[in-house]
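Enquirer: A structural model of the following input is requested.
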Amino acid sequence: MRNTQPDIITARGLRRTYGRGETAFEAVTGVDLDIAEGEVFALLGTNGAGKTSTLDMLEGLVAPSAGQVEVFGLDPLRHRAEVRPRLGIMLQSGGLPAELTVAETLEMWRGTCTNPTTADVVLAQVGLSDRAGVRVGSLSGGEQRRVDMACALLGRPRLLFLDEPTTGLDPESRRGTWKLLADLKASGVTMVLTTHYLDEAEELADRIAIMHKGAIARNGTLRELVDDHPARIAFDHPGLPMPPLPGARIDAQATVTISTNDLQGHLFELLAWARETGVRLTGLEARAASLESVFLDIAGGEREGTTAELIGAQR
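Expert: Sure, this is the predicted structure:
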């Protein structure tokens, strides 16, 4: 269900083309988005799906080749002076000067903000108060990501863009970041999140959009995305013809795979058949639909690989 708050971001028919003539490549092919105030919106995508180009347009870093985008009711590029003070942007790679200490880095960044909080406040938020005097180049990769987050929070943003915010973090720090983002959401901050951790999107996002080949393939709450997606039953082929399972799709290879929208009913029928025939269903697995199964279905087997490999931050 959509958040009933006013929309902070509205995009209609967004397109982004690189190059001209025969060498032109359309990375974003017509995206519509509505992101409400106080919402956490996860934008996922297969490699090269166009999500980074989409973010660039939403953040006002580049102009759309076609279409319109409004942030706080304004064009984020043409009205950058009005929009930018209310944004926080955490890029996938911060590129902060390695020679400066964490405290010096934040003070430098603080000077670019219109109405900043203090470095001490954001260091406490990201759990780096004890590292203020350490040079950025001496920090671990996960600690550097937390400095990136601190920079994004310095301006007390009302809209926060987070590009792979927990990459490189250990499990404890990752959970700490989730708690921080939950607290920010509770305070009314709107967030647009990209991540290759599907459990992160499941945990944090009110709504999720999955991009593929420059367009939004699916968009909705987690429940909306998985409810109409088939569950999966799999087991080693027992050497007998399969029982009829009306409404299910059965692929009886060396491993029998059954796709079903009635997991409980078809699993019950299958187990009853196995009991009646004396068949042992070795390797039996029954899995409800998940964000991962929806994502992999959209990816469509373009190439083999793990879910993390199929999700990218490429344009």
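Enquirer: now do stretch 181-194: distance from first to last residue.
Expert: 13 Å (C-alpha to C-alpha, to the nearest Å).
Enquirer: same check on stretch 105-121?
Expert: Start-to-end, stretch 105-121 (C-alpha to C-alpha) is 14 Å.
Enquirer: okay, buried residues for it please.
Expert: Judged by neighbour count (16 or more other C-beta atoms under 10 Å), stretch 105-121 contains these buried residues: T105, L106, W109, R110, C113, P116, A119. No exception for glycine: its C-beta is placed from N, CA and C like everyone else's.
Enquirer: centre of the chain to it, how far?
Expert: 27 Å (C-alpha atoms, centre = their mean, to the nearest Å).
Enquirer: point out where this structure drops to low pLDDT.
Expert: Applying pLDDT under 70 to the chain picks out residues 1-4, 94, 301-315.
Enquirer: recalculate using a threshold of 50.
Expert: By pLDDT under 50, the weakly predicted segments of the chain are 302-304, 313-315.
Enquirer: just the helices in it please.
Expert: Assigned by DSSP state H, the helices in the chain fall at 51-58, 80-83, 102-110, 119-125, 141-153, 171-186, 198-204, 222-227, 263-277, 291-299, 307-310.
Enquirer: P243: which of these is closest?
Expert: helix 263-277 (4.2 Å; C-beta to C-beta).
Enquirer: I'd like the buried residues of stretch 105-121 laid out as TSV, including distance to P157.
Expert: Compiled in TSV, the buried residues of stretch 105-121 are given as follows (distance: C-beta to C-beta, whole Å):
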residue	distance to P157
T105	18
L106	15
W109	13
R110	13
C113	9
P116	10
A119	16
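Enquirer: ok, back up a step: looking at the helices of the chain, which is closest to G67?
Expert: Among the helices of the chain, helix 51-58 sits nearest to G67 (C-beta to C-beta), with 8.3 Å.
Enquirer: thinking again about what came up before, any idea which of the helices of the chain is most buried?
Expert: Across these, averaging neighbours per residue (mean count of other C-beta atoms under 10 Å) puts helix 51-58 on top, at a mean of 24.
Enquirer: that helix packs against which elements?
Expert: Secondary-structure packing of helix 51-58 (3 or more C-beta pairs under 8 Å, 6 or more residues apart in numbering; DSSP states H and E): strand 7-18, strand 25-36, strand 40-45, strand 66-71, strand 159-163, strand 190-194.
Enquirer: next, format those strands as TSV and append mean neighbour count.
Expert: Output for the helices and strands packed on helix 51-58, formatted as TSV (neighbours: other C-beta atoms under 10 Å):
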stretch	mean neighbour count
strand 7-18	18
strand 25-36	19
strand 40-45	26
strand 66-71	18
strand 159-163	23
strand 190-194	25
